[in-house]
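Novice: only geometry, no sequence info:
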């Protein structure tokens, strides 16, 4: 049975009650928050293993809650939205959410995604003692730190996971679909352009000339790879 703590943030109390019941059946500990202020208070005091976060919240909306969490913690976040617009999903992912579900959704799917994300987190912990060096780029998987030319580079959790996966597998070419499967960790239903967004942001942060990248290479018609030697 699981002992991980899930923080469910939603102002729909009936939904929170149903999710709590289903998560507890799977062995999770569950805490609830019903607005953005309470969510931030509980995130920083309880340090949950994962946060299920609705976008449309009283007091502080889910986007701002996600942004505030990402400034201090690397806790995985699954966003919930009643909207179907791609812009909400992409914005949530850009702010550092690890996944999203559009309401209405099946509770079993949410449980499955939570388990998948937590499995990936555990797998990254197993890899955490590795230090990766490619040229002037140094990745510390234990500390979740990136240094370029000796200077600290700030990445979101998803940018870090994507860069880590590519560098661990330096030289191998991965399609957008493969990167979604390996980094996002499930059969992704969204737009593969999500990968392009994260690659663009990474290049802006670690490439000397993002328009002419020397580290994250596009293999036209196939996907992306990290150059093995610089």
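Specialist: Ah, there it is. What you are looking at is a predicted structure, and each value in this text was computed from that prediction instead of being measured. Numbering: from 1, shown residues only.

Novice: rest of the way, CA atoms for contacts and neighbours
Specialist: Noted.

Novice: which residues of this structure fall in strands?
Specialist: Applying DSSP state E to the chain gives strands spanning 5-9, 29-33, 50-54, 77-81, 99-102, 131-134, 137-140, 145-148, 151-153, 216-219, 223-226.

Novice: Give the full set of residues in contact with the residue nearest to residue 93 when sequence neighbours are not counted.
Specialist: Once flanking residues are discounted, residue 93 sits nearest to residue 99: 7.1 Å by Cα to Cα, 6 or more residues apart in numbering. Neighbour list for residue 99: 77, 78, 79, 93, 184 [criterion: Cα atoms under 8 Å, 6 or more residues apart in numbering].

Novice: The fourth one - how many residues pack around it?
Specialist: Spelled out, that is residue 93. 23 (other Cα atoms under 10 Å).

Novice: before we move on, what about the second one?
Specialist: Using other Cα under 10 Å as the criterion, residue 78 is surrounded by 23 other residues.

Novice: same question, the last one
Specialist: By the measure other Cα under 10 Å, the count of residues near residue 184 is 20.

Novice: circling back to that earlier point, closest one to residue 177 among the strands of the chain?
Specialist: Closest approach to residue 177 among the strands of the chain is made by strand 223-226 (8.9 Å; Cα to Cα).

Novice: I'd like to know which elements the closest one is packed against.
Specialist: Helices and strands touching strand 223-226, by 3 or more Cα pairs under 8 Å, 6 or more residues apart in numbering; DSSP states H and E, are helix 157-168, strand 216-219.

Novice: ok, residues contacting the shortest one?
Specialist: Think strand 216-219. Outside strand 216-219, the residues that touch it by Cα under 8 Å, 6+ apart are 173, 199, 203, 224, 225, 226, 227.

Novice: Now for the third one: which residues touch it?
Specialist: Spelled out, that is residue 203. Residues near residue 203 by Cα under 8 Å, 6+ apart: 210, 213, 216.
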